[in-house]
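>>> kindly generate the corresponding structure for this input.
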Amino acid sequence: MPWPLLAVGGTLLVTLLSFPLFVLPSVDAPEEIRDAPVDAVAVLGGGQRERIATAHTVLPRLRVPAPDLLLSVPYEAPLLICGDAPGLSQVTVRCFVPEPMTTSGEAASIVTMAAEEGWSRIVVVTSDYHVTRARILVSRCVERLAPDLEVLWIAGDTAAASVRGLWAVATEWPSLLGTPWDHQPACRGEPGLPDD
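Numbers count the residues shown, from 1 in each chain. Take a look at the predicted model:
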């Protein structure tokens with residue numbers, strides 16, 4: 001088979017696989033999330049614009065009591081939004097710094113907190129391109145630390161046709177392919193919550 005046809009076929013295959021993995025991943029419907037009380041909503045770091053906006057859309061629609069909003073702060077950014085959530089009464093924003101500063105570290109921190117707090121149901125918010133890999137890593141920690149924890153998923157829209165969306169999908173592929181060997185951290189230890 002000539003090289004140009006192989007290149008076109010490979011590109012087509014990667015494009016077709018990218019849609020269910022990074023553009024239209026499996027997430028939970030709003031009705032499922034409102035079906036029962038939620039103990040916390042966790043927003044993974046990176047892609048903060050769409051992730052925080054999505055969390056602020058979801059929080060008011062949850063059944064009372066309003067949960068904690070957990071924000072991963074993977075970079076040394078000032079924790080100015082920790083404490084009270086503007087415009088969301090009864091929501092406490094808890095910021096945490098994952099150890100290590102990776103999706104694996106975030107998964108370990110969130111599930112450790114859930115196990116320590118005795119939570120039974122949480123919502124994790126991330127970008128659409130990040131859901132597939134984050135779900136694998138969080139599931140590993142749930143199996144080890146909190147097997148009764150129900151984790152629901154919501155995705156912020158990255159606009160896959162944009163330059164940023166295409167870049168996100170392109171850079172997520174190598175991370176996803178490396179996920180089967182990404183076993184750090186071991187999903188135990190303290191979550192690294194800074195003082196508010």
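>>> which residues of the chain fall in helices?
Listed in chain order, the helices of the chain (DSSP state H) span 3-18, 30-34, 48-58, 103-117, 131-145, 163-178.
>>> averaged over its residues, what pLDDT does stretch 143-154 have?
Averaging pLDDT along stretch 143-154 yields 92.
>>> residues near residue 144, how many?
Residue 144 has 14 neighbours, counted by other Cβ atoms under 10 Å. Bear in mind the C-beta positions are built from the backbone N, C-alpha and C, glycine included.
>>> likewise residue 112?
22.
>>> how much space separates it from residue 42?
Using Cβ to Cβ, to the nearest Å, residue 112 is found at 12 Å from residue 42.
>>> next one: residue 32
Noted for residue 32: a distance of 17 Å to residue 42, by Cβ to Cβ.
>>> of those two, which one has the most company?
residue 42 (27 against 11).
>>> show me what contacts the more buried one?
Applying Cβ atoms under 8 Å, 6 or more residues apart in numbering to residue 42 gives the contacts 70, 72, 106, 110, 122-125.
>>> cool, and residue 51?
Neighbour list for residue 51: 43-44, 125-127, 156 [criterion: Cβ under 8 Å, 6+ apart].
>>> what is the least confident helix or strand in the chain?
strand 83-84 (a mean of 58; mean pLDDT, DSSP states H and E).
>>> and residue 49, what does it touch?
Counting by Cβ under 8 Å, 6+ apart, residue 49 touches residue 156.
>>> state the distance from it to residue 128.
Counting by Cβ to Cβ, the gap from residue 49 to residue 128 is 13 Å.
>>> got it, and residue 36?
Distance from residue 36 to residue 128, by Cβ to Cβ: 24 Å.
>>> neighbour-wise, which of those two wins?
residue 128 (25 against 12).
>>> touching, that one and residue 158? I think so.
Yes: with contacts counted by Cβ atoms under 8 Å, residue 128 reaches residue 158, the gap being 5.4 Å.
>>> just the pLDDT for the closest residue to residue 175 other than its chain neighbours.
Closest residue to residue 175 apart from its sequence neighbours, by Cβ to Cβ, 6 or more residues apart in numbering: residue 133 at 5.8 Å. The confidence metric pLDDT takes the value 87 at residue 133.
>>> and residue 133, how far from residue 96?
Plainly put, residue 133 is 20 Å away from residue 96 if you go by Cβ to Cβ.
>>> what does residue 60 give?
Residue 60 is 23 Å from residue 96, by Cβ to Cβ.
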